[in-house]
Each structure stands twice: as structure tokens, then as C-alpha cells.
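[1] the following comprises the amino acid sequence and a computationally predicted model.
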Amino acid sequence: MLGTVYTTHVWSEALFIIWLLVAGYIYIAKYKRAGFEVLYLTILSLSIGYAILLYFPAFATATESVPFTHPHIQATMTLLAFLFPLIEKRSTGFILLFIALAISLLYLFVFQASVFSIAFGILIGGFISFVFYRNLDWLGSMPEPLVLVFAIILPVFLMLLLAGMPYLILLPGILLGAGIGYTIERYKLRLELTFDAKSAVIGFSLIAVLVVPLLYFLRPAIAHIPFMELSIGIVIGFWMMFIVPFVLLLLNLATKQGNEHTIS
């Protein structure tokens, strides 16, 4: 039993890192705005999933009590549902469906997750992406100061929601760092990435070289220190959304797009 729990934890940590790397790759190699949005939505979905477990722990079936959702299935579905409208090839859509099915079956049969939790995780995760796309025009027209305020207020609210799970304060920390970093990059630096193979490889490597060691090795060793989870999250989000593009600018792999904007 303990072995299964440990294996589940290791797999979930690996899946979490994969989400970050996928979002980072999209941000650096494909389209900055989509990369930020998929990162923010995925981490937001994971935070909501854990908040549901914290405040609505389980519901009773005929034979047992099961959680309302599965956070990792929920976040995975949010990420994949976000990507579906962006794909250009039908084969890519089948690959995304296969990934969703494979991860769901893995948690169901290998990690013994409840079929009800998985089903609700799929529904909630897909719904989050659906709501985002339904409100895309409104979100895109938000005034610049409101974007910055939203990027700060929402993570703070999630911190309060997840206060009962200190280990999860990493999640709103990532949202806070990413929101501030992307806002500064978007309205002050306005970097235009080249999106060629060289910049993609270097940018992705810069993301991976911080995210993987920080989450896999350093985080478990220092997580007990007060505010360290929050600090790690802020560093990861800000590094991905601002520092890496800025380094690419210094390496002449990105250019400044017009004049900077002033947030007033």
C-alpha cells in the first residue's frame, strides 16, 4: 500500500513537471500568449481540484465514499481541452485523445483511483477550458491595469483557499510569478521571439534546467522552511514567463516589438 502511494506521488510529480514543460515549450517555441494561458489554466485547474478535495472531501456511493474529483486528471483534461481548438492536424487530435485516455486508465487501474473521481475530473477540467474560450474576447479586452491586478488577486485568493494544505501553496505561487512576469514582459519589454529551432531549444533548455532540479531535488529538501513553497512557485512562474525570454533577448534570439507600454 505504501509503495503504491509513493509511486502515485512520484508519477504525479512527474506529470506536474511535464505540464510545466509543455506550457513552457508552447510559450517559447510556438505562441507566447497561448503558452501563458495554458500554464495559467492548468495550474488554476489543479488548484481548484485540490480546493474541492479540501472543502468537499467525498460523497457516498452504495459501497464507499469517493472524492468529488481527481486533481491531476482534472488539470490534464484542462490542458488537453485547451489544446484541442489549436490543433491543425486530425492525427494530433487523436494523439491528445489517446493521452487523455491513457492517463485516465493509468490512474484507474494502476493507482486505484475511483471511476467517479476520474469522470468528474474530466468534466470539471474540460469545463474550465470551455469557460475560458467562451470568455476569450472579454479577457482579451481587459484594461492593462486590471490584468495586473487580476494576476495578483487570484493567486492570493487561492493561497487562502489552500491554506489547509501548505505543500500546495506552490501552485498559487506559480500563478503569481507567471502572472506578474507575463504582464511585465507583455507591457514593458514586448519581446518578439523568433520561434526558430535554435531559440526553441535554448529557451526550453533554460526552462527545464530550473524547473526539473528545483521541483525534484531542491523542493523536498527546503519545503519545511516557512514561505519556501510560495517562493519556489514565484521563481518558477517568473523564470518561465519573463527571465527566459529576456535571456533570449540578450542572446539575440528575440527582438523588442515596438515601444514599451506603460501600465498606468
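    Everything's here; your move.

[2] quick check: buried residues in stretch 222-240?
    For stretch 222-240, burial by neighbour count (16 or more other C-beta atoms under 10 Å) applies to 228-240. C-beta: built from backbone N, CA, C; applies to glycine.

[3] out of those, which is nearest to residue 255?
    Distances from residue 255 to the buried residues of stretch 222-240, taken as C-beta to C-beta, are shortest for residue 240 (19.8 Å).

[4] what ranges does the stretch 1-150 of the chain have for its strands?
    Applying DSSP state E, counting those that start in this stretch to the stretch 1-150 of the chain gives strands spanning 59-60, 65-66.

[5] can you put these in TSV and add mean neighbour count and mean pLDDT?
    Converted to TSV, the strands of the stretch 1-150 of the chain look like this (neighbours: other C-beta atoms under 10 Å; pLDDT from 0 to 100):
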stretch	mean neighbour count	mean pLDDT
strand 59-60	10	74
strand 65-66	14	83
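
[6] just put these in TSV and tack on distance to residue 36.
    Below are the strands of the stretch 1-150 of the chain laid out as TSV (distance: least, C-beta to C-beta, whole Å):
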stretch	distance to residue 36
strand 59-60	35
strand 65-66	34
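
[7] ok, which of those comes nearest residue 141?
    strand 59-60 (39.0 Å).

[8] that closest one: how far from the chain's middle?
    29 Å (C-alpha atoms, centre = their mean, to the nearest Å).

[9] pairing partners for it, with directions?
    strand 65-66 (antiparallel) (DSSP bridges).

[10] quick one: residues in contact with the partner strand.
    58, 59, 114, 116, 117 (C-beta atoms under 8 Å, 6 or more residues apart in numbering).

[11] the first one touches residue 52, doesn't it?
    Same thing as residue 58. No. If you go by C-beta atoms under 8 Å, residue 58 and residue 52 don't touch, sitting 10.5 Å apart.

[12] ok, and the closest non-adjacent residue to residue 61?
    Excluding the flanking residues, the one nearest residue 61 by C-beta to C-beta, 6 or more residues apart in numbering is residue 116, at 6.8 Å.

[13] neighbours around the one you found, how many?
    17 (other C-beta atoms under 10 Å).

[14] can you check the one 5 residues further on too?
    Each residue near residue 121 was counted by other C-beta under 10 Å, and the total is 29.

[15] so what's it up against?
    49, 69, 70, 71, 72, 73, 74, 77.

[16] ok, which pair from the buried residues of stretch 222-240 is furthest apart?
    Maximum distance among the buried residues of stretch 222-240 (C-beta to C-beta): 18.7 Å, for 228 and 240.

[17] contacting residues around the nearest residue to residue 190 once chain neighbours are set aside?
    Distances taken as C-beta to C-beta, 6+ apart put residue 257 closest to residue 190, at 4.4 Å, once the chain neighbours are dropped. Contacts for residue 257 (C-beta under 8 Å, 6+ apart) come out as 190, 191, 192.

[18] got a pLDDT number for the first one?
    On the pLDDT scale, residue 190 is placed at 77.

[19] surely it is in contact with residue 256?
    Yes. Between residue 190 and residue 256 there is a contact under C-beta under 8 Å: 6.0 Å.
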